[in-house]
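Colleague: A predicted structure for the sequence below; I have some questions about it.
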2 protein chains.
Amino acid sequence: MKTNVTMKDIAEKLNVSSVTVSKALNDKDGVSDELKEKIKSLAEKMGYRYNTMAKSMKDGRSYNICVVIPERFTGMTQSFYLKVYQNITQILEERGYYGIIHILPNEDEDQLRLPRIYHERRVDGFIMLGQPSRAYSDLMQTIDMPLVFLDFYDENGDVDAVITDNFYGAYELTNYLIQQGHKDIAYVGNLFSTSSIQDRFLGYYKSLLEHKITLKDDYVIKDRDDRGTYVDMEFPKQMPTAFVCNCDQVAHLLMEKLQKSGFKVPEDCSVVGFDNDIYATLTSPNLTTVEVDIEEMAKNAVKFICEKMDDPNATFGRVAVKGKIIFRESVKNIK
Amino acid sequence: MKTNVTMKDIAEKLNVSSVTVSKALNDKDGVSDELKEKIKSLAEKMGYRYNTMAKSMKDGRSYNICVVIPERFTGMTQSFYLKVYQNITQILEERGYYGIIHILPNEDEDQLRLPRIYHERRVDGFIMLGQPSRAYSDLMQTIDMPLVFLDFYDENGDVDAVITDNFYGAYELTNYLIQQGHKDIAYVGNLFSTSSIQDRFLGYYKSLLEHKITLKDDYVIKDRDDRGTYVDMEFPKQMPTAFVCNCDQVAHLLMEKLQKSGFKVPEDCSVVGFDNDIYATLTSPNLTTVEVDIEEMAKNAVKFICEKMDDPNATFGRVAVKGKIIFRESVKNIK
DNA sequence: CTGAAAGCGCTTACAG
DNA sequence: CTGAAAGCGCTTACAG
C-alpha cells in the first residue's frame, strides 16, 4: 500500500482530472453516478486518505476547536471535565470539526502565555473549560477568534458562556433540605474562588431568605483559598443539621472530617453536594447532589462556537443549563 | 489587527521577497542580521502568526501525534492517563509536535473503526495509551504510521512498547509484605484482563516462589470480567493477612468491602495497591503502593515515536520503566 | 457532465 | 545576502 495516494493518482489511473475526483469523493454534483462509484471504489482500493491540510489551506480553516482546561482543574474534577470534553468532540465531529484538548499549565496562566496552538493557527476557536485567572480570561478576549466560556462566566466581559444553572440547582437542593425539616443549614465553599461557587451560594441563600431563615456568619465555611487550594475546614461552634457543599469532592472531604470527628451522616448531619461526579458515589452514604447536564452544555457550547465561526458578530450571552437533583442517602428527614 | 497577516504582507511592506521573510522568521542563514531584526519586529507588530498548515502541506507532516485512550479507561484511571497525556504533550512540544488526545469510543473499538483523525491525515503517529481489544490492537498495526504502545504490550505483535516494570514492582512489594511477616498473601485481579495485571501477578508469584510459599487456588481474587467491568469480589474461605491488589482503585474497593465486612486495615488485613493514583490517598489508611514514573514513560514513548518518524524501520522493543514503592499506612508488621 | 487554471501560505533548490 | 520559480494536495470559479 503506497503511503501517499493523492486525488491526482486516482485521476491518472482513471484518465480523468483531479477536479472530477474531488467532486466524486465529496459527493458533489457534476459527475455521473457511474463515474462517481468507480472513483470511490478505486479510492478505497488504493487506500486513499483525504488530506485535510490541503483543504484547510484552501479555505483558511483548521477545522480544529481548542478546549482549554486550566491545569489545576485536571486534578480536582478531572473526571467531569474529561467527560465534557468527550461530549464536545463527539458533537463537533458531526459538524466536521475536531476537538483538541489543551491543558493550560499554571505557569502559562501566570505568565499570560497563549497556547502555542494559537500562534500556529492550528485552531479556529476556543472553548475555555473552567475559569482561569481574571488576567488570563481578559487575554483570551483579545484574541481575534470565536471564544466561548464553558462552566463559568466572566463578571465584566461580554463573552458568551454556557453554565450549569448553579443558582437554581443550589436553590432547589436547599429547598429540599428545608422540606426535610432542616433549619440549621451551612454552606461550604469559598465565595471568592469561582463564579459557580458564588452562584451556588446565592441559590442557597435565596432559599434561606424565602423561608425566613437567618444566615449565620459562621455558617459559610471556607473550603479552599482564592486560588483553589483546599484548606482545612472549620466547623461552626453550633453544629448545623445539614451542609450544602459547593461540589461533590468537597462534600466528600467534609464527610470524612465529620466522620473522623464522630458525627454520623446522615443521622447527625445531612450533606448534599453538586456535580454528581465520581465523588458522589465514592462516599458512604452516597451523596444527594445535582447532576449537571453535560450533554446539553456541550451541545450549546459547540453550537455557539460554530455559529460564531460563520458569523463573528453572533452573540448568545449567558446560557444556564438546568441540572437535576439525584436523591441518594446522605439526607435525613428530621421532621 | 488584520486577521490574516501572511509572510507576503510583511515582505511587501519591507520591499523584500517572502523567501527572505521565511528565512528571517525561521532564523535561517542567508539574511543580514539587520534585515532579520527588522522583519521580526514588523511581524510582531503586524500580529503575524505562523501558518503551520502551509508547512505541513509542504513536507507532508501534520506535526500532530495522536494519543488514543480506550473510553473504558477514562472512567477507571482517568487521573493517571490524563497526567500521562499531559507529560506527553509537554515533551512533544519541545520537538515541535503537538499531542492530540483521542478517546476511543467503545463502539468504535468493537466495530474496528480507526479514528477519523487518521483517515484525514491529521496525525503523523499514534501512541496507544491503555490496552484495547486484541482485534483493535491488530488493526492499529496495519496502519502505515509510527505506533507505540504505552502502559501495555501486545503478546504476539512486535510493536514497540513502553511499560511500567509491573513485574518487579509487584515482586518487590510482595517481598516487602513477606519481610513484614506475612505468609498468607492473596492477589486481587483478573489475570486475563490486561497484560499489566498479568505481569503484576507474576511478580507477586515469583516472590511467593522464592520464599517457598504455596499459591492457593482461591488466593487469586477476580476483580473484574475480561472486558474490565468490575465484579463483586469474593473473599477466600480462610482470610489472608495481606492483599496485593493490581491497582489502587481495586485496593480502594477491596478496603471498602473489608471494612463493611468488619475487617480492619491494617490491623486484620494489610492491603497494597499499584499506581499511586488518586485512590491511594482517598482510602484511609492511605495505601502503600508503587508509584509509576510517568515522566520517564512519557519521555520514552515520545522519543520512540519521533525516531520512528525519521526512520520507519527503527525498533525499540519493550522497555520497562522502574517504579518506586511509596510506603504508607496500609501494611502492618505482624512479626 | 468534465476539466484547465489559479490560488491557499509556506519552503526548497537553485540562480544571481 | 537576496529572490524567482516550482510545488505540497486540494477546491473554486469558470469555460466548454
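Modeller: Perfect, thanks for sending it. Please read all numbers here as calculations on a predicted model, not as lab measurements.

Colleague: does the host helix or strand of A:K45 reach DNA strand D?
Modeller: Per DSSP states H and E: A:K45 is located in helix A:33-46. No - between helix A:33-46 and DNA strand D, judged by CB under 7 Å from any atom of the strand, nothing touches; the nearest distance is 9.4 Å. In this view, the C-beta of every residue, glycine as well, is placed from N, C-alpha and C.

Colleague: please see if that helix touches chain B.
Modeller: No - no part of helix A:33-46 sits near chain B under the criterion CB under 8 Å from any CB of the partner chain; the closest distance found is 11.3 Å.

Colleague: again, but for stretch A:60-73
Modeller: Yes - if you take CB under 8 Å from any CB as the test, stretch A:60-73 does meet chain B, through A:G60, A:S62, A:E71.

Colleague: hmm, back to that, and the helix holding A:K45, what's buried?
Modeller: Judged by neighbour count (16 or more other CB atoms under 10 Å in any protein chain shown), helix A:33-46 contains these buried residues: A:K36, A:K38, A:I39, A:K40, A:L42, A:A43.

Colleague: which residues touch the closest residue to DNA strand D within the stretch 101-250 of chain A?
Modeller: Nearest residue of the stretch 101-250 of chain A to DNA strand D, counting by CB to the nearest atom of the strand: A:R121, 14.8 Å away. Shown in contact with A:R121 (CB atoms under 8 Å, 6 or more residues apart in numbering or on different chains): A:S62, B:R49, B:Y50, B:N51, B:T52, B:M53.

Colleague: now the second one: how far from B:T283?
Modeller: The reference is to B:R49. Plainly put, B:R49 is 48 Å away from B:T283 if you go by CB to CB, to the nearest Å.

Colleague: of the two, which one has the most company?
Modeller: With other CB atoms under 10 Å in any protein chain shown as the criterion, B:R49 and B:T283 differ in neighbour count, and B:T283 comes out ahead with 24 against 17.

Colleague: which positions in chain A make contact with DNA strand C?
Modeller: Residues of chain A lying near DNA strand C (CB under 7 Å from any atom of the strand): A:15-17, A:19-20, A:23, A:29-33, A:35, A:54, A:57-58, A:60.

Colleague: take these and keep only those in helices.
Modeller: Of those, the ones assigned to helices by DSSP state H are A:V19, A:T20, A:K23, A:D33, A:L35, A:A54, A:M57, A:K58.

Colleague: ranges for the helices of chain A?
Modeller: Taking DSSP H as the criterion, chain A carries its helices at A:7-14, A:18-25, A:33-46, A:52-59, A:71-76, A:78-94, A:106-111, A:116-119, A:134-141, A:166-179, A:195-210, A:248-260, A:294-310.

Colleague: can I get those in CSV including mean pLDDT?
Modeller: Output for the helices of chain A, formatted as CSV (pLDDT from 0 to 100):
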stretch, mean pLDDT
helix A:7-14, 88
helix A:18-25, 89
helix A:33-46, 87
helix A:52-59, 88
helix A:71-76, 75
helix A:78-94, 86
helix A:106-111, 95
helix A:116-119, 91
helix A:134-141, 93
helix A:166-179, 96
helix A:195-210, 94
helix A:248-260, 94
helix A:294-310, 94
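
Colleague: so who does A:P70 touch?
Modeller: Residues in contact with A:P70, defined by CB under 8 Å, 6+ apart, are A:I103, A:L104, A:N106, A:E109, A:G130, A:Q131, A:P132.

Colleague: number of nearby residues for the closest residue in space to A:A135 that isn't next to it in sequence?
Modeller: Of all residues beyond its chain neighbours, the one nearest A:A135 is A:L112 (6.0 Å), with distances taken as CB to CB, 6 or more residues apart in numbering or on different chains. The number of residues packed around A:L112, counting by other CB under 10 Å, is 13.
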